[in-house]
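**Q** my questions concern the predicted model and sequence given below.
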Amino acid sequence: MEVLTGSHRLHFVAAWVLFAAELLCLAATAPPLRLIAPVWLWAGLAGLTLLLVASALVRCFAVPFPRRGGWFDPVPYAWHLPRGLKVWYGLALCLVGLGLATAGGAEDARRDTAGYYLQHGDVRIDLTREAYEAGRGAFVRIATGVPAGLCVIGSFLVLLSADVAYGAAEAAPRSDRQRPRKPSREPLREPWREPPRGTRRRGLPGRR
């Protein structure tokens, strides 16, 4: 991973730290824990994820991507990733997909001192604790699973931009070497004064 240096490395690590936090909030809603993360936590993580993905997109548009039809094509880069990274990204996406697949029946269930309830307009519908945990847990799984998937995409975009920037930096000295040389300031040699080796020196036209 020598391509990840400086701010690219920090950006990449931040993406996976956010992914781990989102995944923990998602996994905590599953039995037997059934822990529901507070709103400020998963909402704050979602906001940070949006900032991370936006900055990753800015990085991608700031590097000289090989473009097709005016757009950069990241698919060839994904196929050329090391096998370990491919497995890691595949596992991360599978975990996110598994969490979202169990998010059926999501409801914005709430609780207060009077108990658990759903609010539809001015109508309050009382819920049992089991119904609250099921509906609210599924809601939190969606609210954390989608940002977790965005973190995976953002980390890939950071890695992609770092790889292209590294390649452009490595290719810059080579392009300088291929520049045409400046014409020499030395006077041109006269062919009749310095004949090629192995040939007899002849006089100029009109002379013997």
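**A** Yep, that arrived.
**Q** show me where this protein has strands.
**A** 67-68, 71-72, 110-112, 115-120, 123-127 (DSSP state E).
**Q** so which of the ones you listed is nearest residue 23?
**A** Nearest of the strands of the chain to residue 23, taken as CB to CB: strand 110-112 at 24.5 Å. In short, each C-beta sits where N, CA and C put it, glycine included.
**Q** partner strands of that closest one, parallel or antiparallel?
**A** Strand pairing for strand 110-112, using DSSP bridges, gives strand 115-120 (antiparallel).
**Q** what angle separates the strand it pairs with from strand 123-127?
**A** 140 degrees (axes from the mean of the first three to the mean of the last three CA atoms, to 10 degrees).
**Q** quick check: buried residues in strand 115-120?
**A** Buried residues in strand 115-120, defined by neighbour count with 16 or more other CB atoms under 10 Å: 116, 117, 118.
**Q** what distance do you get for the second one to residue 124?
**A** Distance of residue 117 to residue 124, given as CB to CB, to the nearest Å: 5 Å.
**Q** tell me where the chain has helices.
**A** Applying DSSP state H to the chain gives helices spanning 7-28, 39-62, 75-79, 83-101, 129-177.
**Q** reformat the ones you listed as a markdown table; add mean pLDDT, mean neighbour count and distance to residue 108.
**A** As requested, the helices of the chain are exported to a markdown table (pLDDT from 0 to 100; neighbours: other CB atoms under 10 Å; distance: least, CB to CB, whole Å):
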| stretch | mean pLDDT | mean neighbour count | distance to residue 108 |
| --- | --- | --- | --- |
| helix 7-28 | 95 | 18 | 16 |
| helix 39-62 | 94 | 15 | 10 |
| helix 75-79 | 76 | 10 | 36 |
| helix 83-101 | 93 | 14 | 17 |
| helix 129-177 | 84 | 18 | 6 |
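**Q** geometric centre of this protein: which residue is closest?
**A** residue 157 (1.9 Å; CA atoms, centre = their mean).
**Q** next one: phi and psi at residue 106?
**A** phi -70, psi 130 (degrees, to the nearest 10).
**Q** the closest residue to it other than its chain neighbours: what's it in contact with?
**A** For residue 106, ignoring the flanking residues on the chain, the nearest one in space by CB to CB, 6 or more residues apart in numbering is residue 138 at 3.8 Å. Residues near residue 138 by CB atoms under 8 Å, 6 or more residues apart in numbering: 29, 102, 103, 104, 105, 106, 107.
**Q** of those, which is the most crowded?
**A** residue 29 (23 neighbours; other CB atoms under 10 Å).
**Q** where's it relative to residue 41, distance?
**A** Distance, residue 29 to residue 41, by CB to CB: 12 Å.
**Q** same question for residue 158.
**A** 24 Å.
**Q** then stretch 132-146 to CSV, C-alphas only?
**A** The C-alpha trace of stretch 132-146 is given here as CSV (Å, rounded to 0.1, in the frame of the first residue of the first chain):
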residue,chain,number,x,y,z
TYR,A,132,-40.7,-1.2,19.7
GLU,A,133,-37.4,-3.1,19.7
ALA,A,134,-38.2,-4.8,16.4
GLY,A,135,-39.4,-1.7,14.6
ARG,A,136,-36.8,0.7,16.0
GLY,A,137,-34.0,-1.9,15.5
ALA,A,138,-34.9,-2.3,11.9
PHE,A,139,-35.0,1.4,11.4
VAL,A,140,-31.5,1.8,13.0
ARG,A,141,-30.2,-1.0,10.8
ILE,A,142,-31.2,1.0,7.7
ALA,A,143,-29.9,4.3,9.2
THR,A,144,-26.5,2.7,9.8
GLY,A,145,-26.3,0.1,7.1
VAL,A,146,-26.6,2.6,4.2
